[in-house]
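# I would like the atomic coordinates for the input below:
(chains A and B)
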Amino acid sequence: MQYHAPATVKDAVKLLAGSKGSTQILAGGTDLLVRMRSGFSEPDTIIDIKRISPMCKIARDGKGFAIGAAVSSAEMSENAALAKAWPGVVESAALIGSTQVQGRATIAGNLCNASPAADSVPAMVAAGAKAVIRGPKGKRKVAVEKICKGPGQTILKKGELIEAIVLPAKPARTGDAYLRFIPRTEMDIAVAGAGICVTLDAKGVCTAARVSLGAIAPTVLLVSRAAKALIGTRIDDEALDALAAACSAAARPIDDKRGTKEFRIHVAGVLARRAAIIARDRALGKS
Amino acid sequence: MFQIQVSTSINGDDTEFSCEADETLLDVLRDRLGMTGSKEGCGTGDCGACSVVVDGRLVCSCLMLGAEAQGREIETIEGMADGTELHPLQQKFLDHAALQCGVCTPGFLVAAKSLLERNDDPTEEEVRYWLAGNLCRCTGYDKIVRAVLDTAKDMRKPAKTKKPAAKKRVKA
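Next up, the predicted model:
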């Protein structure tokens, strides 16, 4: 196995495009090293992106944020401006693993690992985040919900890597939230998760919403029918019931050791409902 | 096989080693440098027995390649005591009998030290969450949590007793 730690994105792309055999990007390594150890992944080449300084930073992108692909969850939690603007995204990243894992794990890595249960992904999708992809043909931006094709599979082509995750400028009276269900209080993988982002007008009526569900389908879903249940309402009990029903209807989970289909379908609705209340209260400036 | 040459700092000492590309930092510490204080419990980042601090950040050394250590500052359990003088956390772990078999202990100590450097007055809940990635199959955690809270209390004491004394002097 070869190990490379390029200093620029350009060099990383060059190495990635020119590499033979299987090549893996090493960001936090909290999934990759586990896969290597268990024999699921035997890369011929590893490209460590943590020596690429722009990829280690959280930068302002206009009025939004560009979170470099090598930025850890802990660094996100410690960035007050980011945590204030997008608390749902930051909290979702802070749910991943232990303190030790937090010090290394990245949301770009969480996305590229392409697990349907990735905690940060529904929150990013709800927030309208985009992945900045760099490759031999240049740069492109793709909505986060379009990156994963299935468990462990992404749309990234040979030579491409994610350089940063861009969170948009947050409109006025907008709030986001992410909740997941696990059978314990921490250190577990989501049985189901829901990310919600809502924008309200001056009267408290919802004008825009994005609803995303995790761990209830082969990929994280953006559920536009569930968002429609909120738009035009004050996100009252009636709207929340409609939201929960739309989320349960959209869920198409599997049975596994973490939960049954029936449970996941029900809990997807419950979580969406609770996350929508938090997002609404944040949009109203209540929390 | 081609080996990677790495220059790094471990517990303040400039250290050089060579390693294979797929060797973890934990393997390097234990097998190449003879620093066997960091333990391998699971090798997959779940148990925290291999906890070290890299550039001020608590991490599992089993989830990091040795090659990644180039130019970093690494702190391990071996750097915790000052010669024969134990770190206050180490002493409290003994006082509270916060260990039995001892495999998890280095990881708990490194992790707890990292917590107290950030937060000198953690609540019990904060201690428990911070240490959630350190697994112990012997103690039931309670003695460990008490040892950490007691250490924090003791380490805060000097500052607290100094302040009123300083005020008195100002008044006089």
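
# sticking with the most centrally placed residue in chain B, tell me its helix or strand.
Chain B has B:Val110 as the residue nearest its centroid, 0.9 Å off, counting by CA atoms, centre = their mean. In this structure, B:Val110 sits in helix B:105-118 according to DSSP states H and E.

# what mean pLDDT does that helix have?
Averaging pLDDT along helix B:105-118 gives 98.

# could you do stretch A:133-140 as well?
97.

# one more: stretch B:122-130?
97.

# quick check, pLDDT for A:Glu238.
Model confidence at A:Glu238 (pLDDT) stands at 98.

# would you mind writing the CA trace of the helix or strand where it lies as PDB?
Per DSSP H and E, A:Glu238 falls inside helix A:237-250. Coordinates of each C-alpha in helix A:237-250 appear next as PDB, following Å, rounded to 0.1, in the frame of the first residue of the first chain:
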ATOM      1  CA  ASP A 237     -50.500  20.200  15.500                       C
ATOM      2  CA  GLU A 238     -52.500  19.600  12.300                       C
ATOM      3  CA  ALA A 239     -49.500  20.300  10.100                       C
ATOM      4  CA  LEU A 240     -47.200  18.200  12.300                       C
ATOM      5  CA  ASP A 241     -49.600  15.300  12.000                       C
ATOM      6  CA  ALA A 242     -49.600  15.600   8.200                       C
ATOM      7  CA  LEU A 243     -45.800  15.900   8.300                       C
ATOM      8  CA  ALA A 244     -45.500  12.700  10.400                       C
ATOM      9  CA  ALA A 245     -47.900  10.800   8.100                       C
ATOM     10  CA  ALA A 246     -46.000  11.900   5.000                       C
ATOM     11  CA  CYS A 247     -42.700  10.900   6.500                       C
ATOM     12  CA  SER A 248     -44.000   7.500   7.600                       C
ATOM     13  CA  ALA A 249     -45.500   7.000   4.100                       C
ATOM     14  CA  ALA A 250     -42.100   7.900   2.500                       C
END
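
# ranges for the helices of chain B?
Ranges of helices in chain B, per DSSP state H, are B:25-27, B:88-95, B:105-118, B:124-130, B:142-171.

# same question for chain A.
With DSSP H as the criterion, chain A has helices spanning A:9-18, A:32-37, A:73-78, A:80-85, A:87-94, A:99-102, A:107-112, A:120-127, A:224-228, A:237-250, A:261-283.

# thinking again about what came up before, and the helix holding A:Glu238, what does it pack onto?
On a contact count with 3 or more CB pairs under 8 Å, 6 or more residues apart in numbering or on different chains; DSSP states H and E, helix A:237-250 meets strand A:206-214, helix A:224-228, helix A:261-283. (Each C-beta comes from the backbone N, C-alpha and C, glycine too.)

# in the shortest one, what counts as buried?
If you call a residue buried by 16 or more other CB atoms under 10 Å in any protein chain shown, then helix A:224-228 has these buried ones: A:226-227.

# what's the answer for stretch A:72-86, then?
So stretch A:72-86, judged by 16+ other CB under 10 Å, has buried residues A:72-76, A:79, A:82, A:85-86.

# who's in contact with stretch A:77-95?
With contact meaning CB atoms under 8 Å, 6 or more residues apart in numbering or on different chains, stretch A:77-95 is reached by A:58, A:65, A:67, A:73, A:76, A:102, A:105, A:107, A:110, A:119-120, A:122-124, A:126-127, A:129, A:167, A:170, A:175-178, A:180, A:186, A:193, A:195-197, A:275, A:278-279, A:282.

# which of those residues are close to chain B?
A:Glu186 (CB under 8 Å from any CB of the partner chain).

# of the contacts of stretch A:77-95, just the buried ones, ChimeraX syntax please.
Buried residues among the contacts of stretch A:77-95 (16+ other CB under 10 Å), as a ChimeraX selection:
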select /A:58,65,67,73,76,102,105,107,110,119,120,122,123,124,126,127,129,167,170,175,176,177,178,180,193,195,196,197,275,278,279,282
